[in-house]
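[1] Show me the folded form of this:
(chains A and B)
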Amino acid sequence: MSSTKIFTVKEINNYIKSIFDHDVILSNVYIKGEISNYKLHSSGHAYFTLKDNDSKMKCVMFKGSASKLKFMPEDGMAVVVQGYLSVYERDGQYQLYAADMIPEGVGALYKAYEQLKIKLAALGYFDEANKKTLPYLPKTVGVITSGTGAAVRDIISIIRRRNALVNIILYPVQVQGEGACKEIAQGIQYFNQKKNVDVIITGRGGGSIEELWAFNEEETAHAIFHSEIPIVSAVGHETDFTIADFVADLRAATPSAAAELVVPDKHALAARLNQTIYMLNNYMNKYLQEKRYKIEYISKGNAFRQIEQKLHSLMQTVDMCNKSMNYSMLQILNSHKNKLIMNIEKLDILNPASVLLRGYASTSRAGKIITTVKQLSIGDKIEVEFKDGSVSAEIKNIINK
Amino acid sequence: MSNNMNFEQALARLEDIVKKLESGNVSLDESIEIYQEGITLSKQCSGMLEEAEGKVMAIVNKEQDIIEEFVISQIKEA
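    Residues are numbered from 1 along each chain as shown, chains lettered A, B, ... in the order given. From the prediction side, this is the model:
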């Protein structure tokens, strides 16, 4: 006994705690069981017992985790609790420190969700590179959702309000329960076959994970991924993320948000168009104005002025030439006229008639003018012509000089 | 060619033309040519915004592919 070390209670509890805390399994476990003795303390921490037919375990869930639960735990509820096991040294009692808790049925769904998410991610279903761009202004929007309820009403009324030009084709489906995912997939395939829409919105209003489940199934994901038409998912509320949201080309937080993302506001479009038309005219006018200024500038420039001056001087030269030509022409005409007058005068002087006028007479014999006495002989008959008549005469005597 | 454009493409082309004109980096001939194209596009775009009102339809029979007009007041809370 003397060789044996004696421990205090605290030391042993401490030791056991350190064994728990270093254990790989106990540091993160999922444990299923039934809740009993559930007490939510005023501090916000929750204390309960997890039990099954054969055994039970004390559990504590601190305020930070308890406040994040999406449901109200109750006695008798079958749950899966995630957390770690450790020892409360004061009481020497081990307990489960719960970090999260889900109803058991839902637990299986979460597991399936996580597994499918990993699988599809590996297949590239969520890759940005595979995302299609939405049309800027779709002519027709396909809507795959329940034909009743708030989601379809929100989608249609928002699209109508934003842009009444857009056609809508509703493919009504069950959005929850058995076969819902098949109907949703068929809707996507229908629009892809018909090619009668430019973009598809598929989704539903908010609900529990079971209610949203159709959007977490592989069949839905598969149809969305293989759609040639861009798809916007709109499932539940802001905080709900489904597999469909990850596969879709765009995730909208709510059905209303999807309608807003898919259809641009008509007034905004018209405003943008008008602005563009205004700029088109404005820039064209500016462009032409610039060219006009340029022409004006060049025309006022030196080169043009020189040409103008040259033109002016040429015009002057032409004028001058004209003037001198006219003058010369006149001179020539005058000189000719003078010559003519002189000649006429000369002619006048030479005119025999004018000699007769001055008192001389002209002698002829047989029509031939006699200019010398040597042409005559005594007895010749001659004609002597005066200015006012003629006489016949006979030569009686010839005197030579 | 421009007849097959959708609104987005036509508007994008129109904005391209505006940018080109704004830069002033075009010949007079080209500027007149693209300006005319721009006017045609703007008329097309305006026309598209003034088209007849869209319809709301619903597939009422999937087997026989029967589509009927859908009135929003038909919707009841599920």
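
[2] those helices in the stretch 151-300 of chain A, which residues are they?
    A:180-194, A:218-226, A:243-247, A:255-262, A:266-300 (DSSP state H, counting those that start in this stretch).

[3] Alpha carbons of the third one, as CSV, please.
    Right, the one you point to is helix A:243-247. What follows is helix A:243-247, C-alpha atoms only, in CSV (Å, rounded to 0.1, in the frame of the first residue of the first chain):
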residue,chain,number,x,y,z
ILE,A,243,-28.6,22.0,-54.4
ALA,A,244,-30.7,23.6,-57.2
ASP,A,245,-29.4,27.0,-56.1
PHE,A,246,-25.8,25.8,-56.5
VAL,A,247,-26.4,24.2,-60.0
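
[4] list the helices and strands that helix packs on?
    helix A:104-122, helix A:218-226, strand A:231-235 (3 or more CB pairs under 8 Å, 6 or more residues apart in numbering or on different chains; DSSP states H and E). For the C-beta atoms, the positions are set from N, CA and C on the backbone; glycine is no exception.

[5] Please apply the same query to the second one.
    Judged by 3+ CB pairs under 8 Å, 6+ apart, the packing partners of helix A:218-226 are helix A:104-122, helix A:180-194, helix A:243-247.

[6] Go again with 7 Å.
    helix A:180-194, helix A:243-247 (3 or more CB pairs under 7 Å, 6 or more residues apart in numbering or on different chains; DSSP states H and E).

[7] before we move on, what about the fourth one?
    Using 3+ CB pairs under 7 Å, 6+ apart as the contact criterion, the secondary-structure elements in contact with helix A:255-262 are helix A:150-162, strand A:199-204, strand A:231-235.

[8] how about those in a markdown table, adding mean pLDDT?
    Shown next, in a markdown table, are the helices and strands packed on helix A:255-262 (pLDDT from 0 to 100):
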| stretch | mean pLDDT |
| --- | --- |
| helix A:150-162 | 93 |
| strand A:199-204 | 96 |
| strand A:231-235 | 95 |
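
[9] Looking at the helices and strands packed on helix A:243-247, which one is packed in the most?
    strand A:231-235 (a mean of 27; mean count of other CB atoms under 10 Å in any protein chain shown).

[10] still on that earlier bit, take the helices of the stretch 151-300 of chain A and write them to TSV, including distance to A:Ser36 and mean pLDDT.
    Listed next are the helices of the stretch 151-300 of chain A as TSV, based on distance: least, CB to CB, whole Å; pLDDT from 0 to 100:
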stretch	distance to A:Ser36	mean pLDDT
helix A:180-194	35	95
helix A:218-226	37	96
helix A:243-247	35	94
helix A:255-262	41	94
helix A:266-300	59	87
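
[11] could you say which helix or strand contains residue 38?
    I'll assume chain A. In this assignment (DSSP states H and E), A:Tyr38 forms part of strand A:29-40.

[12] not quite, I wanted chain B
    Assigning secondary structure by DSSP H and E places B:Gly38 in helix B:28-49.

[13] May I see the buried residues of that helix?
    B:Ser31, B:Ile34, B:Tyr35, B:Glu37, B:Gly38, B:Ile39, B:Leu41, B:Ser42, B:Gln44, B:Cys45, B:Met48, B:Leu49 (16 or more other CB atoms under 10 Å in any protein chain shown).

[14] residues from chain A in reach of chain B?
    For chain A, the contact set with chain B under CB under 7 Å from any CB of the partner chain comprises A:135-137, A:146-150, A:152-153, A:156-157, A:164-172, A:266, A:269-270, A:273, A:276-277, A:279-280, A:283-284, A:287, A:290-291.

[15] Now, of those, which are buried?
    A:135, A:137, A:146-147, A:149-150, A:152-153, A:156, A:165-172, A:266, A:269, A:273, A:276-277, A:279-280, A:283-284, A:287.

[16] before we move on, back to that, closest one to B:Ser27 among the helices and strands packed on helix A:255-262?
    strand A:199-204 (40.8 Å; CB to CB).

[17] Skipping adjacent residues, who's closest to the residue in chain A that chain B sits nearest to in space?
    At 3.4 Å from chain B, A:Tyr136 is the closest residue in chain A, using CB to the nearest CB. What sits nearest to A:Tyr136 in space, not counting adjacent residues and going by CB to CB, 6 or more residues apart in numbering or on different chains, is B:Glu8, at 3.4 Å.

[18] Show me what the host helix or strand of the one you found packs onto, helices and strands only.
    Using DSSP H and E, B:Glu8 sits in helix B:7-23. Secondary-structure packing of helix B:7-23 (3+ CB pairs under 7 Å, 6+ apart): helix A:266-300, helix B:28-49.

[19] Any regions of chain B where pLDDT drops low?
    B:1-3, B:73-78 (pLDDT under 70).

[20] where does whatever residue of it ends up closest to chain A sit relative to A:Ile31, distance-wise?
    Residue of chain B nearest chain A, by CB to the nearest CB: B:Glu8 (3.4 Å). B:Glu8 sits 56 Å away from A:Ile31, going by CB to CB, to the nearest Å.

[21] Switch the helices and strands packed on helix B:7-23 over to JSON lines; also include distance to A:Val232.
    Putting the helices and strands packed on helix B:7-23 into JSON lines (distance: least, CB to CB, whole Å) gives the following:
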{"stretch": "helix A:266-300", "distance to A:Val232": "19"}
{"stretch": "helix B:28-49", "distance to A:Val232": "22"}
